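Novice: My questions are about this predicted structure, shown below with the sequence.
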Amino acid sequence: MMDPIRIAFYGCGNFAQKTRIPNVLKAGAQIVGLSDVNARSLQAAAELCPGAQIFEDAHEMLEYDRIDALYSIVPAFVRTDIEIIAARKGIHVFSEKPQAMEMSLGRKIEKAILGSGVLSTVGVRERYRPLFQEARKWLMGKKIVHARFQSVSGLPPFVPNSWWDEIEKSGGSALDWGIHATDYFRYLTGMNIKTAQAFYHQPTEYTLPLSSSIHYCFSSGATASLNFIKTGGNIGSQGMPAGEAWFKIFCEEGVLSIHGYERLLVDETIFYEAEPFDPWAEQDRVFIEAIRKGNSQELLSDYSDSLYSLAPILAAWESSRRGGEPICVESYMEE
């Protein structure tokens, strides 16, 4: 019988406790190390992982010689060199998205991962959902004209309740969900993004933008738009007005609409209805199995590939700061 894969967690907040930690344990791995600067979070995670060593300092945790893989689940704004050190020690890396707030750090982490040859992936879990895989199959060979994503949520507070309400720390919905939407565009279409442009509307009394309008140009010349809207109105059960699609992809051959996680329509006719599915659990299972086999073939993204989803959304944010100046994504990745 093979020894279990030994996992360390860097970041043990609610998301790790409710999602990643249970998934990793269910996949048959052993959690041997936990690190968080919040003592309450660390203790709560420790109760889920009997026998795990706990560390306030993640650097000390990485000195522990029984770690096969690191799950980095901390907010992007606090990330420094932990993933770099882990990769250099031969520890496989799972990085929750967004991976970094600056491309320079992302590139340093990528260099360490490539230099060591460890396996890596990023938490763009929806690639594993059958609904998106079916959408991708339908789009293969189609001539894409334009892709559109929209998300509607409630108004932000006037005073920050947590780091999430501070735009420079969280990036707001346009970063947190924008990297997902950007990655879905890339996964569904098979194309990278060449140019990014954005306009943010943030009245001074609010902690976050009320609207973030992002525009992309794909490598083919096709275009895309992402709109993140805050409102006091009725936003529906999935962050969308009733009946409206999250995604619409316009092709010369027809229009694909993605309605939440529930169904796909082509030219307004349903052609796929989804069964309940947990993409977080599937991604964690695949990552643990890839480590066990020493084979990355079933991983649907790695750290390097996911930088091509991070860069456009960070470039768009920078564009908004420059009054909507278009930014070349390839050049931005090298800054």
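Specialist: Perfect, I can see it now.
Novice: how about the host helix or strand of residue 199: buried residues?
Specialist: Element membership for residue 199 (DSSP states H and E) is strand 193-201. Neighbour-count burial for strand 193-201, with 16 or more other Cβ atoms under 10 Å as criterion, is recorded at 193-198, 200. All C-beta spots, glycine's among them, are computed from the backbone N, C-alpha and C.
Novice: Among these, which one lies nearest to residue 43?
Specialist: Comparing these against residue 43 with Cβ to Cβ picks out residue 200 as the nearest, at 38.4 Å.
Novice: returning to what we had before: wait, which of the buried residues of strand 193-201 is closest to residue 328?
Specialist: residue 195 (6.1 Å).
Novice: what's the closest non-adjacent residue to the closest one?
Specialist: Nearest residue to residue 195 in three dimensions, chain neighbours excluded: residue 217, at 4.1 Å (Cβ to Cβ, 6 or more residues apart in numbering).
Novice: tally of neighbours for that neighbour?
Specialist: 18 (other Cβ atoms under 10 Å).
Novice: Same check on residue 84?
Specialist: 20.
Novice: Give me the distance between it and residue 78.
Specialist: 14 Å (Cβ to Cβ, to the nearest Å).
Novice: Buried residues in stretch 102-111, which are they?
Specialist: 103, 105-110.
Novice: Dump those to CSV, plus distance to residue 276, pLDDT and secondary structure.
Specialist: What follows is those, written out as CSV (distance: Cβ to Cβ, whole Å; pLDDT from 0 to 100; DSSP: H, G, I helix; E, B strand; the rest coil):
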residue, distance to residue 276, pLDDT, secondary structure
103, 37, 97, helix
105, 37, 97, helix
106, 34, 97, helix
107, 38, 97, helix
108, 39, 98, helix
109, 34, 98, helix
110, 35, 98, helix
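Novice: Could you chop the chain up by domain?
Specialist: 6-118, 127-276+311-333 (automatic domain parsing).
Novice: The residue nearest to the spatial centre of the chain in helix, strand or coil?
Specialist: Centroid-nearest residue in the chain, with Cα atoms, centre = their mean: residue 97, separated by 3.6 Å. Counting by DSSP: H, G, I helix; E, B strand; the rest coil, the backbone at residue 97 sits in coil.
Novice: Report the separation between it and residue 313.
Specialist: 10 Å.
Novice: joint contacts of those two?
Specialist: residue 179 (Cβ atoms under 8 Å, 6 or more residues apart in numbering).
Novice: In this structure residue 19 contacts residue 279, no?
Specialist: No: assessed by Cβ atoms under 8 Å, residue 19 is found out of contact with residue 279, at 10.5 Å.
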